[in-house]
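[1] Please find the sequence and the predicted model below.
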Amino acid sequence: MIDRGYYNGFGGAYLPEILVATFDELVEVYQQAKNDPNFWKEYTDLMSTYSCRPTPLTFAGNLTDHFKGARIYIKREDLNHTGAHKANNVMGQGLLVKRMKKTRVIAETGAGQHGVATATMAAKFGFECTIYMGEVDVERQRPNVFWMERLGAKVVPVTEGSRILKDAINEAFRDWVSNMDTTHYVLGTACGPHPFPEMVSWFQSIIGKEARKQILEREGKLPSRVYACVGGGSNAMGIFSGFLDDPVELVGVEAGGKGLASGQHASRLCSSDGSIGVAQGYKTYFLQNDDGQMKETHSIAAGLDYVGVSPILSNFKETGKARFEAATDKEVVEAMSLTMHKEGVIPALESAHGFVTAFKEAPEMKKDEIIIINQSGRGDKDIFTIADAFNDPEWRDFIIKKAEEYNA
């Protein structure tokens with residue numbers, strides 16, 4: 001499937017000359033690690049002792065009874081250390097940073113989960129750490145900013161462009177160009193120049209490997225469908241990787257925002273607004289205008305608010321390897337509320353996109369069929385956004401009171 005980082009024409013490494021040597025070094029170190037069985041053992045041992053792996057595969061019995069269709073399972077990446085799947089990738093890259101003998105890491109973050117995970121990894125391994133985060137996301141994900149800073153990272157609000165995830169990525173690349181000798185860019189999703197799409201997917205494949213083994217142990221057969229939200233694509237590639245050679249339908253769910261017809265969404269693969277282009281070092285589907293300028297995006301979930309998507313998933317779209325749908329902000333809040341009330345589980349706003357489509361389709365499936373939803377993260381990070389979406393008057397009164405106390 002892979003030819004120098006291409007996936008049937010998607011991907012590649014469109015780099016300024018100044019970064020070529022740095023990427024050559026990264027490719028070499030990554031390939032050495034991938035071919036070394038002791039590295040994967042070191043990685044899995046680290047994740048089992050530091051990050052609560054394997055994460056559980058939870059049978060959602062109440063939701064199954066509610067929809068009266070397929071048996072619903074939830075892969076609980078929210079129980080991974082730092083509260084999301086992001087730790088899988090950053091701890092793996094941290095081991096590579098040690099091999100490269102670099103002393104500083106940088107990262108971009110949208111929802112803040114990747115930023116917290118990177119700051120955690122840096123504290124664990126003793127690296128200096130800088131996190132770039134769009135100014136808009138800093139405001140809506142303030143709790144994660146607090147934790148990044150407490151962990152010792154420097155958080156830099158990005159004030160250029162739309163002030164969201166794509167702009168944070170641009171700033172991180174600018175930093176890397178100036179500090180290549182000492183610094184590694186811990187890209188957080190399966191996007192960007194080669195080897196990042198492949199490398200991030202490899203580290204995240206631990207999700208799918210676990211889920212496949214767990215469902216066979218529990219049910220004695222494979223699921224009919226596997227659902228995951230799709231921003232950049234790391235958690236989707238993580239769980240999809242376990243079932244690529246099986247007769248299992250893979251369903252990715254993008255951010256439908258205020259509706260695909262509104263233009264206020266972040267759907268690259270299942271809307272007519274996405275088109276193929278080259279940006280940020282790779283070729284994939286982007287939300288761009290006829291002149292190749294990136295459009296503004298919208299999602300209630302900061303982690304899905306991105307103009308591009310993994311080139312591997314773009315290839316899956318073209319080849320029919322996976323199906324892609326979209327969920328609106330309203331549907332996401334409703335699915336989150338139902339999951340909380342029925343199962344006592346709080347999915348992140350990003351993860352809840354996958355729940356939306358699973359909930360639409362589960363009632364139409366047979367009762368002996370199985371589906372797995374990848375819960376990529378926990379929702380407590382989204383408390384400000386969720387409380388606003390629910391229009392919770394008691395929370396609003398609490399915030400007003402706290403603000404008055406701070407101003408007193």
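    That came in fine, so what should we check first? Residues are numbered from 1 along each chain as shown.

[2] The nearest residue to residue 260 once chain neighbours are set aside: neighbouring residues, count only.
    Of all residues not flanking residue 260 in the chain, residue 271 sits nearest, at 4.6 Å (C-beta to C-beta, 6 or more residues apart in numbering). All C-beta spots, glycine's among them, are computed from the backbone N, C-alpha and C. Here the number of neighbours of residue 271 (other C-beta atoms under 10 Å) works out to 20.

[3] where's residue 271, which helix or strand?
    Assigning secondary structure by DSSP states H and E places residue 271 outside every helix and strand.

[4] quick one: pLDDT of it?
    The predicted local distance difference test score for residue 271 is 95.

[5] That one contacts residue 265, doesn't it?
    Yes: under the criterion of C-beta atoms under 8 Å, residue 271 is in contact with residue 265, at a separation of 6.5 Å.

[6] ok but residue 323 is inside a helix, no?
    No: secondary structure assignment (DSSP: H, G, I helix; E, B strand; the rest coil) places residue 323 in strand, not in a helix.

[7] Next up, the contacts around the residue nearest to residue 260.
    For residue 271, the set of contacting residues under the criterion of C-beta atoms under 8 Å, 6 or more residues apart in numbering consists of 254, 260, 265, 326.

[8] So which of the residues you listed sit within strands?
    With DSSP state E as the criterion, strands contain 254, 326 from among the contacts of residue 271.

[9] Neighbour-wise, which one of the contacts of residue 271 leads?
    The member of the contacts of residue 271 that has the most neighbours, counting by other C-beta under 10 Å, is residue 254 with 30 neighbours.

[10] Looks like that residue contacts residue 273 (just checking).
    No: in this structure, residue 254 is not within contact of residue 273 by C-beta under 8 Å, at 11.0 Å.

[11] Overlap of the contact sets of the two?
    With C-beta under 8 Å, 6+ apart, residue 254 and residue 273 have common neighbours 265, 267.

[12] ok, of the contacts of residue 271, which one's closest to residue 288?
    Using C-beta to C-beta, residue 265 comes nearest to residue 288 of the contacts of residue 271, at 14.0 Å.

[13] So what pairs up with the closest residue to the closest one other than its chain neighbours in the strands?
    Leaving aside its sequence neighbours, residue 265 sits nearest to residue 257 (C-beta to C-beta, 6+ apart; 3.4 Å). Beta-bridge pairing for residue 257 (DSSP bridges): residue 328.

[14] Residue 257 contacts residue 330, doesn't it?
    No: in this structure, residue 257 sits apart from residue 330 without contact. The criterion is C-beta under 8 Å, and the distance is 9.9 Å.
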